Every structure is written in C-alpha cells, then in structure tokens.
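Peer 1: Whatever this is, show me its structure:
(one chain, ligands or ions: 1)
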Amino acid sequence: MAEDKNLDAFKETHEEVKIDAGRKIRIGFIGCGWIAESHIKSLLKQPDVEIVAGCDLIPGKAKKFFEKNGVEGVKTDYADHKEMLADKSLRLDAVTICTYNRQHAGPAIESLNAGLHVLLEKPFTVTTEEAVEVMRAEKKSGKILSIGFQPRFDNNMIMVKDIVQSGELGKVYYIQTGGGRRRGIPTPFGTTFIENETAGLGALADIGCYSLDMVLNAIGYPKPLTVSGYKSDFFGKDPNYCGYPKAKRAEYAEKFGVDDFAAAFIRLEGGVVISFRIAWAMNLDTSGDTIIYGTKGSMRIPSTECWNGSIGGDLTIYHEVAGKQVETKIPQIIPKASAPSNFDKKIRSFLDAIKNGGTAPVPTSQILYNQAILDGIARSSDLGREVEIEIPEI
Ligand SMILES: NC(=O)c1ccc[n+]([C@@H]2O[C@H](COP(=O)([O-])OP(=O)(O)OC[C@H]3O[C@@H](n4cnc5c(N)ncnc54)[C@H](O)[C@@H]3O)[C@@H](O)[C@H]2O)c1
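Peer 2: This is a model prediction of the structure:
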C-alpha cells in the first residue's frame, strides 16, 4: 500500500490544455539536418502549426527533408536563411533554428530583426559576445527567443529544482556535476559536431550545457564570477578511435577541431562553487553523479551512463532527522507512455508563449550565464589560468 501511495505522489501530472487550432502559427525551418527531424516530428503533432518554409545551405536538402517527412507545399527554394527571411509572401510568425553551433548567432539575430519569434537549438552560441549580440536583437525586437534545452521539461529535473528551492538542503555551497560517455563522439551524420568551423566547441557545449543547466536552474542561475578550465582532444584526434567509420577514420581525426573532454572549477555569486567535468569519450563508465551539497542536506542525482540530460535513478537526500543521519529516497519519475516527450514539451511551450504573449520558456537571461561559463572554460584552458567572467550590458 505504502508503495502505491509513493507512486501516486510522484506519478507524472499532465494537464490537458485546450489548443486554439483555428489560430495557426506559421513556421519556417533554418537548417534541415539531424535535429530538424525531431523538430518536425514534434511540430506535426501540434494542431495549430503550419510549416510554410525551410532552407539549408546544402542545395536540395530542405526539399528532400520535407518530402521525407510527408509535408507538402513548403517553399524551399532559398540559398540560405537570409533569402527565406526576405520572402514576405511567407507571412512567417516564427522560425526554428536547427543549424550547427557556429550558425546560431547570425540566423538568430537576422530572424529577430525580421520580426520573428525564434526557437534556437542548444548550445545558445559559441562565445559570450555572440550571445550578447543575439540578446540585443531580442531586446530590440520584443519577440520570444527560447533556447532548445528540453531536459528542463523532464519532471525529474523539475523535482530537483523544487527540492533545492524548497530550502530542504539549506544553503547550497558546493556542487559537482557533469557527465560522460565511454565512447560517444557524435559523428553518425557527418562532421559538423567535430569541426571547429561548424561546431566551435565540442563535448563542453554539446552535453556540458545540459549538466550546467540542471544545477544552475535548480539554484536560481546565480551570476558566474571566475572559471578555471581545462579541455582536451585525445580521443577525437586519434585516427584509431573506435567510433569513426572505418573507411573515414583518418579523415575524421584530422578534421577534429574541438574538445572531447573538459573540466572546470567555477565560482558563482552567493558563495557557490561548481566542480564540473564532461566527456564525449573516456576510459571510464561514468563521470560520476551530480551532487548538490547543502548545509541542511545534500542531494545525489545519479548520472546516466551515456549522459544525455536525463537522470539515471532515484534521487537521494542525505540529512538529519531527529538528530539521526538518514537518507531519503525520492523515486525517479517515469513518464507514462502516453505523456508528451520532453522534446514535445519544449516545442509546445514555445508555441504557447507566442500565443499567450508569455515569456520565453528557456530564457536567454539565464542561458547567457551558462554560455559565459562554457566560453570561460574554453578561454581559461587556452590561457592556462583562471579567468574572470565579464558580461557586457545588453
Ligand atoms: N536538443 C537536442 O537534443 C539536440 C540534439 C542534436 C543536436 N542539437 C543541436 O542542433 C544543432 C544542429 O545539429 P544537427 O545534428 O542537426 O547538425 P546537422 O549538421 O545535421 O544539421 C545542421 C544543418 O544546418 C544547415 N545550415 C547551417 N547553417 C545554415 C544557414 N545559415 N542556413 C540554412 N542552413 C544552414 C547545414 O547545412 C546542416 O544541414 C547543433 O547546434 C546541435 O547542438 C540539439
């Protein structure tokens, strides 16, 4: 009986929201690669969306993408996003930007300048300067700009935040976070994740941004002050790395221009420090759990073996009850099969913000700090010393 109650208490709550299907949001795609597949699948489930245009730098790719996904009547004859944004006959309301990292800032700024709402894939940008420029365009436009962090919508992540914000842990003063994959350099669809010209940052930004968001969001996104960072590329640069398709091994190792491992010590306003490490590849099963140390209690968040922004099991709180040191388990929330995925929630929350005149579900004001830390780690690693994090006025 007690177990049932437990399950009831933590079962997923999903409110049915009425969607006004009569008022359609006209959407265009910028970038029609791998992650665009998840965007289109999610958007096609929404009754109030009309996908009207799409573009990709690779000629013919956008057309094939919409054909493959069975969406007809989409205009795709554009050389790049600028041509698409200039086509006023489309009467676009919003764009979803699914381009590689180095092509986040430019298309986001130009879309906002064209008066469109923007859903921008993660990481926010590559550098802090780019993020600041995007935010200036956002401010000027008054449009919604949301960053594609779907783990935010995981009920377990919401639980982590609720526990921290409830004060149950007391003052949080130290956090260890991060994650890793034993062998997981992402090259299944080409090299855009591993080339400096397209990605700019590797594991650090790709999956590191999720680890940082999990804990920064839980503690209310304090401003980062300093970072001492390190990054390396031992696996990516190795022509014998097992993950490279055999025939192209040498070419991929040569093209590898980002990090496959990063670590850092980060100081935040309010006297909180974070110890962080992230790996696309390592000789280890996991980089370890995320642990939030507090004066009244600490919380262990088990890592998944292949870090992807979800949690790997029940949460444990270590605290004192009636003078005894005890552990309290908070059961992992397993979503019902019928529940919308975190990706669907990220898409829906963006559409709802547009329709209801709300604020961005994953706001740039927070993710700017995430970006500044990633950028700080890269700079600190290059300089071989701790760096201050300076963020210009928006
Ligand atoms: N949220 C997630 O779960 C998730 C998962 C995978 C990737 N991503 C992010 O999505 C982004 C794209 O990743 P991907 O795996 O789809 O890469 P990809 O290389 O498969 O696709 C990117 C596409 O964008 C096109 N492109 C680049 N600049 C363009 C421009 N200015 N105009 C039009 N097209 C342009 C490229 O030609 C390419 O086809 C990355 O930033 C990545 O971090 C997010």
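Peer 1: C-alpha from now on. contacts and neighbour counts both.
Peer 2: Fine.
Peer 1: Which phi and psi values does residue 48 adopt?
Peer 2: Main-chain torsions, residue 48, degrees, to the nearest 10: phi -120, psi 30.
Peer 1: With the one 5 residues further on instead?
Peer 2: Main-chain dihedrals, residue 53, degrees, to the nearest 10: phi -160, psi 160.
Peer 1: Any part of stretch 62-79 near the ligand?
Peer 2: No. Stretch 62-79 lies out of reach of the ligand by CA under 6 Å from any ligand atom, never closer than 7.6 Å.
Peer 1: Buried by neighbour count: which residues of that stretch qualify?
Peer 2: 62, 63, 65, 66, 74, 75, 76, 77, 78 (16 or more other CA atoms under 10 Å).
Peer 1: contacting residues around residue 326?
Peer 2: Residue 326 is in contact with 318, 319, 320, counting by CA atoms under 8 Å, 6 or more residues apart in numbering.
Peer 1: Pairing partners for the nearest residue to the last one once chain neighbours are set aside in the sheet, please.
Peer 2: Okay, so that is residue 320. Nearest residue to residue 320, sequence neighbours excluded (CA to CA, 6 or more residues apart in numbering): residue 326, at 5.7 Å. According to DSSP bridges, the partner residues bridging residue 326 are residue 319.
Peer 1: Could you tell me the model confidence score at residue 326?
Peer 2: For residue 326, the pLDDT comes out at 98.
Peer 1: How about residue 4?
Peer 2: Here, the pLDDT recorded for residue 4 equals 45.
Peer 1: ok and the residue in the stretch 151-300 of the chain nearest the ligand?
Peer 2: Closest to the ligand within the stretch 151-300 of the chain is residue 192: 4.8 Å, counting by CA to the nearest ligand atom.
Peer 1: does that residue really touch residue 202, like I thought?
Peer 2: No. The criterion here is CA atoms under 8 Å, and residue 192 misses it with residue 202 at 10.2 Å.
Peer 1: which of these two has more neighbours?
Peer 2: For residue 192 versus residue 202, the count of surrounding residues by other CA atoms under 10 Å is larger for residue 202: 30 against 19.
Peer 1: SS state for the residue nearest to the residue of the stretch 151-300 of the chain closest to the ligand when sequence neighbours are not counted?
Peer 2: Spatial nearest neighbour of residue 192, chain neighbours left out: residue 198 (5.4 Å); criterion: CA to CA, 6+ apart. Under DSSP: H, G, I helix; E, B strand; the rest coil, residue 198 falls in the coil class.
Peer 1: For residue 52, give me its contacts.
Peer 2: Here residue 52 is in contact with 26, 27, 28, 73, 74, 75, 90, 92 (criterion: CA under 8 Å, 6+ apart).
Peer 1: Then the second one would be within a helix, right?
Peer 2: No. With the criterion set as three-state DSSP, the secondary structure at residue 27 is strand rather than a helix.
Peer 1: ok, how many other residues are close to it?
Peer 2: Neighbour tally, residue 27, other CA under 10 Å: 23.
Peer 1: Kindly indicate which of the contacts of residue 326 lies nearest the ligand.
Peer 2: The ligand has its nearest neighbour among those in residue 318, at 31.7 Å by CA to the nearest ligand atom.
Peer 1: Look at that closest one and report its pLDDT.
Peer 2: We have a pLDDT of 98 for residue 318.
Peer 1: re the thing from before, which of the buried residues of stretch 62-79 sits closest to residue 308?
Peer 2: Ranked by distance to residue 308 (CA to CA), the buried residues of stretch 62-79 are led by residue 65 at 25.2 Å.
Peer 1: That closest one: what secondary structure?
Peer 2: Residue 65 ends up helix, using three-state DSSP.
Peer 1: from memory it sits against residue 32, does it?
Peer 2: Yes. The pair residue 65 / residue 32 is scored as a contact, 6.4 Å apart, by CA under 8 Å.
Peer 1: Check the contact lists of the two and give me the overlap.
Peer 2: Counting by CA under 8 Å, 6+ apart, nothing touches both residue 65 and residue 32.
Peer 1: in stretch 227-237, what's buried?
Peer 2: 227, 228, 229, 230, 231, 232, 233, 235, 236, 237.
Peer 1: and what of stretch 182-196?
Peer 2: Result for stretch 182-196 [16+ other CA under 10 Å]: buried residues 182, 183, 184, 185, 186, 191, 192, 193, 194, 195, 196.
Peer 1: Confirm for me that residue 27 is in contact with residue 91.
Peer 2: No. Between residue 27 and residue 91 no contact is recorded; they are 9.0 Å apart, counting by CA under 8 Å.
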